[in-house]
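> Predicted coordinates and the sequence they were generated for:
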Amino acid sequence: MPDVETPTLTEIPQGELGTAAMLLPDTPWATTAAQACERRTARMWVDSRKRTQALAILVPGTPDEATPPAAYLFGSDAPPDALVAFAAGLPRPVELICDDDVGEALAAAVPEATVRDHSVHWFESLDAVARPTREGLRRLRLNDADAVEALQVPGLLRVLSSAKDVLMIGGAYGLFEEDRLVSAAFTVDLSVNYARVLPFTVEDRRREGLATAVAQRLISSHHEQGRMACMLVEDRDSRMEAFARTVGFEVAARMTSYLLDA
């Protein structure tokens, strides 16, 4: 990826990303950025190491799924000029994720950007979540990696590099029927306080409540370990919005992103 030159933001060395991730706000919509910093696959820029008011994190895309890189832009009460100038100079395509204050300035600076409204769902307490039990439902192990890969779940490897990484780092639960994995819920990235989950069910077994069962089992596992579950729903995905309500997420908020095409 080409270097990004800006007179106002300075890149943090790759070897310091794990420590520098402490500068990142721990929110349900920033878990991907946090995980990418932890694994040192992201790049980070700040205006100042001593008194950070502007922070940008660039997470690689997934070319096989035509997913562009994503830049997370965080600013304090200071003017967002540095972040806007940085974002406008990024190689395209890129998706920009930011709060409304930065977004308004960004929309004015790059009016050609496509605005996308996603939703973020999360739990705000560690109260018990339904923990379904049914035949064939269990925690997935490393030797289930081939079955996971066979599902070809979109977005599963945005930050993690393999199915084995997914099973080791965040964990997953799945439902087997006659040795076939038909539904699963994965932890696709983690921050200190949150775990973002992603459900998936094979086409011929959808609308039977299978994804709800595996997701609730995974969510309950995270809550028992002291980390709250969250979920990101892509723009206008009514099916996944309904799923989030069924699972029982307590809070929902809008997350706006700006897509800059090549």
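Looks like it came in fine.
> Helix or strand with the lowest mean pLDDT in this structure?
Ranking every helix and strand in the chain by mean pLDDT, DSSP states H and E puts helix 17-20 at the bottom, with a mean of 80.
> List of residues touching it?
12, 37, 38, 40, 42, 44, 46 (Cβ atoms under 8 Å, 6 or more residues apart in numbering). For every residue, glycine as well, the C-beta is placed using N, CA and C.
> Ignoring the adjacent residues along the chain, who's closest to the fifth one?
Leaving aside its sequence neighbours, residue 42 sits nearest to residue 36 (Cβ to Cβ, 6 or more residues apart in numbering; 3.6 Å).
> So the one you found belongs to a strand, correct?
No - Residue 36: not assigned to a strand; according to DSSP: H, G, I helix; E, B strand; the rest coil it is helix.
> hey, where'd the helices end up in the protein?
Using DSSP state H, the helices of the chain run over 17-20, 31-38, 81-88, 100-109, 145-151, 163-169, 210-224, 238-247.
> Of those, which is nearest residue 119?
Of all these, it is helix 238-247 that lies closest to residue 119, at 6.6 Å by Cβ to Cβ.
> tell me the angle of that closest one relative to helix 210-224?
For helix 238-247 against helix 210-224, the angle by axes from the mean of the first three to the mean of the last three Cα atoms, to 10 degrees is 50 degrees.
> Only the C-alpha atoms, please, for helix 238-247, written as PDB.
Extracted C-alpha coordinates of helix 238-247, given in PDB (Å, rounded to 0.1, in the frame of the first residue of the first chain):
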ATOM      1  CA  SER A 238     -33.100  -5.700   7.000                       C
ATOM      2  CA  ARG A 239     -32.600  -9.500   7.600                       C
ATOM      3  CA  MET A 240     -29.600  -8.900   9.900                       C
ATOM      4  CA  GLU A 241     -31.400  -6.000  11.600                       C
ATOM      5  CA  ALA A 242     -34.300  -8.400  12.500                       C
ATOM      6  CA  PHE A 243     -31.700 -11.000  13.600                       C
ATOM      7  CA  ALA A 244     -30.100  -8.500  16.000                       C
ATOM      8  CA  ARG A 245     -33.500  -7.800  17.600                       C
ATOM      9  CA  THR A 246     -34.200 -11.600  17.900                       C
ATOM     10  CA  VAL A 247     -30.900 -12.300  19.600                       C
END
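> That one packs against which elements?
Contacts defined by 3 or more Cβ pairs under 8 Å, 6 or more residues apart in numbering; DSSP states H and E place helix 238-247 against strand 114-122, helix 210-224, strand 228-233.
> Let's see that with 7 Å instead.
helix 210-224, strand 228-233 (3 or more Cβ pairs under 7 Å, 6 or more residues apart in numbering; DSSP states H and E).
> Redo those as a markdown table? Include mean neighbour count.
Shown next, in a markdown table, are the helices and strands packed on helix 238-247 (neighbours: other Cβ atoms under 10 Å):
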| stretch | mean neighbour count |
| --- | --- |
| helix 210-224 | 23 |
| strand 228-233 | 24 |
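> Tell me which of those lies nearest to residue 79.
strand 228-233 (28.5 Å).
> strands paired with that closest one, and their directions?
Looking at strand 228-233 with DSSP bridges, its partner strands are strand 114-122 (antiparallel), strand 194-201 (parallel).
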